Structures are given as structure tokens and as C-alpha cells.
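Asker: Sequence first, predicted model second:
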Amino acid sequence: MKQKTLHRPGKRSHSEWAWGYAFIAPTILGLVILNIIPFFQSVWLSLQDKYTGRPGFGNYIRMFTQDGLFWRSNLNTLVFTLLTVPVGVLLSLLFASLLNHNIKGRNVYRGIFFLPLVCAPAAVAMVWRWVVFNSQSGFLNYLLSKIGITGPNWITDPNVVMFSIAIVAIWSSIGYDMVLLLAGMQSIPKVYYEAAKIDGVSPLQQFRYITIPLVSPTLFFVIIMRTMNALRQFDLSFMFAKDTDPTFPAVQTLIYLFYRETYVKLNPNYGSAIVIWTLLLILALTALQFRGEKKWVYYDN
Amino acid sequence: MPNQVATVRTRKKIKKGNIVIHCVLIVASLLMILPFVWMVLASFKTFGESIRIPPLFFPHSIPGKVFSGEKGLGYLFTNYQFVLQRVDYFGQLYWNTFAMIAGRILLAVFTSSLAAYAFAKLNFPFKNFLFSIVLVQLMMPNQIFIVPQFQMTVSLGINNSIAGLIFPGLVSAFGTFFMRQFYKGLPNELSESAMLDGCNHWQIFTRILFPLTKTPVMALSIFTAVFAWSDLMWPLIVNPDNHQATLASALSKIQLMSLVFKTPHLMAVSVLAMIPMIVLYLVFQKQFVEGIAMTGLKA
């Protein structure tokens, strides 16, 4: 306490202000220039006509009333999200709980599941598209034929291709989600399980009444993050079909549509309207999930 | 005695349970690895072998010619040579990707740590408001900034350059948020006693606190690297020139040249593109996995 009075608090805090502002300056300036201003620019662009420059809701009206591809890409995006998020999260939860046992080689398994994450989606998509999914010479249909199943045309059938993309997406993301969930599970105190064991609680019930509630904050985070990522999926669709392919209408997601409108058809105004709509969709679904949060997510403190 | 019997029994039960778990995990691991195995095998096949029905597991013709002595050892890599001759700027792609990742890591770590220290340890007016600027960006999909960001790179004249690739990664909202958690956890006594010794905040930051954050800095670096490495849209847009592409954006273009490159060539390109990151991952596996776990749990 004595030391502080020696330093004359007024002067010291003023210099502290200066240091504080200097230290945050690069980040705040960067965020304002790179993100905040661009955000408003995107909103403004979406409210302008590309050719006349006149402000208005023309892009949004066109999007909602005249663009069948827009609704199709909404559908594709939602289908992709509904296919990947529940299955991906459930599988990650399953493997995380399996690895949560005291078994040999846990790090080896964890390392293998994590492997797709360090491979760029572009490379991963290429491998799946050309050697795994190929309907005749691909390995997947060969393996399926061994167990008596005639596999579909994974790449060329418009009704199937989104399932194929979802499989690749789940395959790529399981490791990441599993690592997060496993870390969450390992922070649960062992005492709970020991007490449950003494009371004769079965492993399945332990999972239901101890593991799930205590890992629920991590699980909630994983679901939120996975949903956000799924709603802006681009890479896999882009690698699986180019715009001249017959399967293209079935794989085009919202962000793929945004990419094409902006950089292929060179209409950044319309593209911005699409990306703003995507943002609203993400915010709405995230808000919905936060409303449901209280019902099932358990916070210790 | 009955007690002992019971423990033996539970031990047996556990072992049986473990065998089932191992079986499930081994099957799942195989499914995770098989695409990589097929990729590598396919990169050593001839085109004819790659489209055989039913599929051929091991390549015959190319290794056969090498082992019979008909061709030299180099012929084994004939698909790789084919690709590298036609994409003769492949080395440049490695460099572009590396420079983009390294640049983004250095910038994110430096600017985020500095801001995180200020947000966690210093007091200044409007601190909470300024921090909310950071927080609000965590929710935003980065595609929403892309059009204006691209226009900025055009007016700065940094398209088709490494600066253009790094550009959106100059600062990191996530990094600031993430590092702040760690600076908040560091005891105040450290900086207070340094202050009494006459250190200013820059010296406290660089000499005392920053060196204590090695683990989160490593985690942030890995996180930044993995996401920069996966990024496809930004490199496609900002660096349309083939020579200035990253590995990811180059792959998407090479795939389109189906008249030149057949499946074995595409797989050779994939192997070439994946190898550096996989090697890094195998060497630093623990840091990768734990770093990513940390970025997830602290966020």
C-alpha cells in the first residue's frame, strides 16, 4: 500500500492508459479496417443495384422472388447441416466416450482420428472424389459389393452427391470434435464414477447421468460451432462439382452461390445480399440453440 | 476369498469390454486411414490400373517395371514427375503456402498477445466497449468481409502476392480473446514487482509475461496454421495467378484440368500437397492435438 502512494496514482494511471491504448491499437485498428468497416460496406453493397448504383432492396427482392437457385442452395445448405451436425456430433461423442476408458493406445487412436484435420479440405475432397467414391473403380463400392450391397453413384447421382459430401465432412471433423469432447470428459472428477459404482449404477446410466450433464457445456460448444461451419460450407461442394456438372444444382450451398455470383458473374452487390442472408441464418439458428441451452446444458457453478 | 473372486471377475469383465472397444476403434481407425492408403497406392498406378473394375488394390505395372530392372528406380515416381513437369511452379506453391501461414502466425501471435495483455492487465477508459469489438467478430462468418477486403487488396495493389494471402490474417479476434484468458490467469504480483524495479509495460510484456505463455502461443500458432492451410476461397480470389496460388487453391485448379491429369496424377498431387503438414503433425502430434483441444475449451 505504501508503495502505491509513492507512485502518485494519477500519473501512473495516465501512463497506463497510454500503454493500454498503444497495445490494443494494432488489433482494434486492424479489426475496424478489416472487419467492422467491411461489414457495413457489405450491407451497403447489398442495398445497391450493380448497374444503376441506385439504393434499394432490389437484390433482396430478386433473391427471394426470382432466384430458384437461391432457394435450392438454402435447401442444400440445410440438408448438409442436418446430415452432418447430428451424425458427426453423435459419432464424436461415441468415440470420445470409448477413448475415455483406460485403454492401451489411446493416443494412437486419437492421433489417427485427428489426421484429416491437418489435410486441407481441397486435398481430402480430391482423394474421396477420385479414388473412394468413384462408382465403378472406387474402393467404397467395391467394399460394399463384398458385403452384398450395390453402392450408388456417389459423385454423379444428384440425389446422392450431398450425402457423399456429408460423409467426407463428417469423416474430416470427427477428430476435432472428439478431441474437444474427450478433453471435457477427462476433466470430470473420477470420484463421481467411483461413488456411482459403489451404488451399483450401470455404465450406461453413468454415461447418461454423469458424463452427459458434465460434458454438456463442451457438447453445446461443439454443436454451435459445427452448425455455424456447416451453414457456410464451401470447400467440399466446390471441389465436388463445377458449375457445368449436372450434379451442380444439388451441391451448391449458400456460400458457393455467393462465390459464383460475386466472382464468376461479377455481381458483388447480389453476392453481398446472399452472404448477409447467410449471416442472418447463422445468427437465427445460433440464437435458437442458445434458447434451448438452459434445458439441457449444465454449468457446475 | 469371495472378495478376490469378485475382483478377478470384474477384471475379466473389464478386459472383455476393452476388447469390444478396441475392435470398434480399430475398424473406425481403418476407415479413417484407408482413404490415405488408397491415395498413396493410386499415385503409383498407371491410368489403366486406376480405372480397373473391380478396383486394383496394389499397383502392378509401374513397380513391376522397376523391380524387373526394365526401368530405373526413378520410374517408380513417374506420375509425380509427370505432374511436376507440367506444374513446374510447384515449389513456388510450397513457398506461398508456407509464407502465408508463417506470416499469419507471427502477426496473430504478436498483435493478439499485445492486445490480450492490455485487456487482461491494464486499466483504461472504454476497455469493455473496445473488447466488445473483439467479441462481436467471433460470431461472424469471414465470408461477410471478403468482398470489401478484396477491394482493399486491389487498391493496395497486393493481389497475386504473399501480402495479399496474409492480408485477412493481420489481426485475430479469436487470438485476442484466447490469449486474454491466459493473461488473466497470470498473477499480478509478477508485473507489480517488475514495475517497482522500474520496468515499463513493454518490458514487462516482452521480458516477463510473454515468455510465460509458450503453451497458449503454441496452441494459437497451430490453430492459425491449420485454418490458414485449409482456406480455399480467399487464395482463389486474391491470388488468381496460378504461380501465386497456395497448395489448396492450386489443387482445385489442377483438378479441373481433366484432359491432362488423370486419377493417378491427381493422387500424386494430393500426396505432394499433404506431405509437409502430415510430417509436421507426426513430429508435433501432442502439441497439435492438445493445442486444438485448448483452443476449443478456452473459447
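Answerer: Sure thing, it's come through. In this text the structure is predicted, and so the values were computed from the model without any measurement.
Asker: What's the local residue count around B:Asn123?
Answerer: 10 (other Cβ atoms under 10 Å in any protein chain shown). The way it works is simple: take the backbone N, C-alpha and C, and place the C-beta from them, glycine included.
Asker: Surely it and A:Ala18 touch.
Answerer: No. Using Cβ atoms under 8 Å, B:Asn123 is not in contact with A:Ala18, being 11.8 Å away.
Asker: Low-confidence ranges, the chain, go.
Answerer: All of this is about chain A. Chain A contains residues with pLDDT under 70 at A:1-12, A:300-301.
Asker: that's the other chain; I wanted chain B
Answerer: B:1-16, B:297-299.
Asker: mind checking the SS state of the closest residue to A:Asn141 other than its chain neighbours?
Answerer: Leaving aside its chain neighbours, A:Asn141 sits nearest to A:Gly151 (3.3 Å; criterion: Cβ to Cβ, 6 or more residues apart in numbering or on different chains). Secondary structure assignment for A:Gly151 (DSSP: H, G, I helix; E, B strand; the rest coil): coil.
Asker: cool, the one 3 residues further on as well?
Answerer: In the three-state summary, A:Trp154 is assigned as coil, counting by three-state DSSP.
Asker: quick one: buried residues of whatever helix or strand B:Met294 lives in?
Answerer: Element membership for B:Met294, per DSSP states H and E: helix B:285-298. For helix B:285-298, burial by neighbour count (16 or more other Cβ atoms under 10 Å in any protein chain shown) applies to B:Gln285, B:Gln287, B:Phe288, B:Val289, B:Glu290, B:Gly291, B:Ile292, B:Ala293, B:Met294, B:Thr295, B:Gly296, B:Leu297.
Asker: Distance check, the fifth one against B:Ser172.
Answerer: Counting by Cβ to Cβ, to the nearest Å, the separation of B:Glu290 from B:Ser172 is 20 Å.
Asker: And the fourth one, by the same measure?
Answerer: As defined by Cβ to Cβ, B:Val289 lies at a distance of 21 Å from B:Ser172.
Asker: contacting residues for residue 60?
Answerer: The chain I'm using is chain A. Applying Cβ atoms under 8 Å, 6 or more residues apart in numbering or on different chains, we find A:Tyr60 in contact with A:Ser46, A:Ala273, A:Trp277.
Asker: oops, I was thinking of chain B
Answerer: B:His60 touches B:Glu49, counting by Cβ under 8 Å, 6+ apart.
Asker: helix/strand/coil for A:Arg62?
Answerer: Per three-state DSSP, A:Arg62 ends up helix.
Asker: Same question for A:Ile188.
Answerer: With three-state DSSP as the basis, A:Ile188 sits in coil.
Asker: dump the residue contacts of it.
Answerer: Each residue near A:Ile188 by Cβ under 8 Å, 6+ apart is listed here: A:Ile210, A:Thr211, A:Leu214, A:Val215.
Asker: any idea which element A:Glu194 lies in?
Answerer: Using DSSP H and E, A:Glu194 sits in helix A:190-198.
Asker: Could you pull out the buried residues of that helix?
Answerer: So, applying 16+ other Cβ under 10 Å, buried residues of helix A:190-198: A:Ala196.
Asker: Give me the contact list for it.
Answerer: With contact meaning Cβ under 8 Å, 6+ apart, helix A:190-198 is reached by A:Gln205, A:Gln206, A:Tyr209, A:Ile210, A:Leu214.
Asker: try 10 Å
Answerer: A:Pro189, A:Val201, A:Ser202, A:Pro203, A:Gln205, A:Gln206, A:Tyr209, A:Ile210, A:Thr211, A:Leu214, B:Thr10 (Cβ atoms under 10 Å, 6 or more residues apart in numbering or on different chains).
Asker: any idea how chain B splits into domains?
Answerer: B:2-83, B:87-256 (automatic domain parsing).
Asker: just those domains: most buried one?
Answerer: domain B:87-256 (a mean of 19; mean count of other Cβ atoms under 10 Å in any protein chain shown).
Asker: what about the helices in the stretch 201-301 of chain A?
Answerer: A:203-206, A:212-231, A:235-240, A:248-251, A:254-259, A:268-296 (DSSP state H, counting those that start in this stretch).
Asker: any chance of the ones you listed in a markdown table, with mean neighbour count and distance to B:Ser112 too?
Answerer: Conversion of those to a markdown table gives the following (neighbours: other Cβ atoms under 10 Å in any protein chain shown; distance: least, Cβ to Cβ, whole Å):
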| stretch | mean neighbour count | distance to B:Ser112 |
| --- | --- | --- |
| helix A:203-206 | 12 | 40 |
| helix A:212-231 | 20 | 19 |
| helix A:235-240 | 25 | 25 |
| helix A:248-251 | 20 | 36 |
| helix A:254-259 | 26 | 26 |
| helix A:268-296 | 17 | 24 |
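Asker: Throw the ones you listed into CSV and include distance to B:Thr215, thanks.
Answerer: As requested, the helices of the stretch 201-301 of chain A are exported to CSV (distance: least, Cβ to Cβ, whole Å):
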stretch, distance to B:Thr215
helix A:203-206, 32
helix A:212-231, 20
helix A:235-240, 30
helix A:248-251, 40
helix A:254-259, 34
helix A:268-296, 30
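Asker: Using a markdown table, lay out those together with distance to chain B.
Answerer: What follows is the helices of the stretch 201-301 of chain A, written out as a markdown table (distance: least, Cβ to the nearest Cβ, whole Å):
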| stretch | distance to chain B |
| --- | --- |
| helix A:203-206 | 8 |
| helix A:212-231 | 7 |
| helix A:235-240 | 5 |
| helix A:248-251 | 13 |
| helix A:254-259 | 6 |
| helix A:268-296 | 5 |
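Asker: Of all the ones you listed, which one is nearest A:Ile28?
Answerer: For the helices of the stretch 201-301 of chain A, the distance to A:Ile28 is smallest for helix A:268-296, at 21.9 Å, taking Cβ to Cβ.
Asker: if I look at the residue nearest in space to the middle of chain B, how far off is chain A?
Answerer: Closest to where the C-alpha atoms of chain B average out (Cα atoms, centre = their mean) is B:Val226, at 1.9 Å. When distance is defined by Cβ to the nearest Cβ, to the nearest Å, B:Val226 is 6 Å away from chain A.
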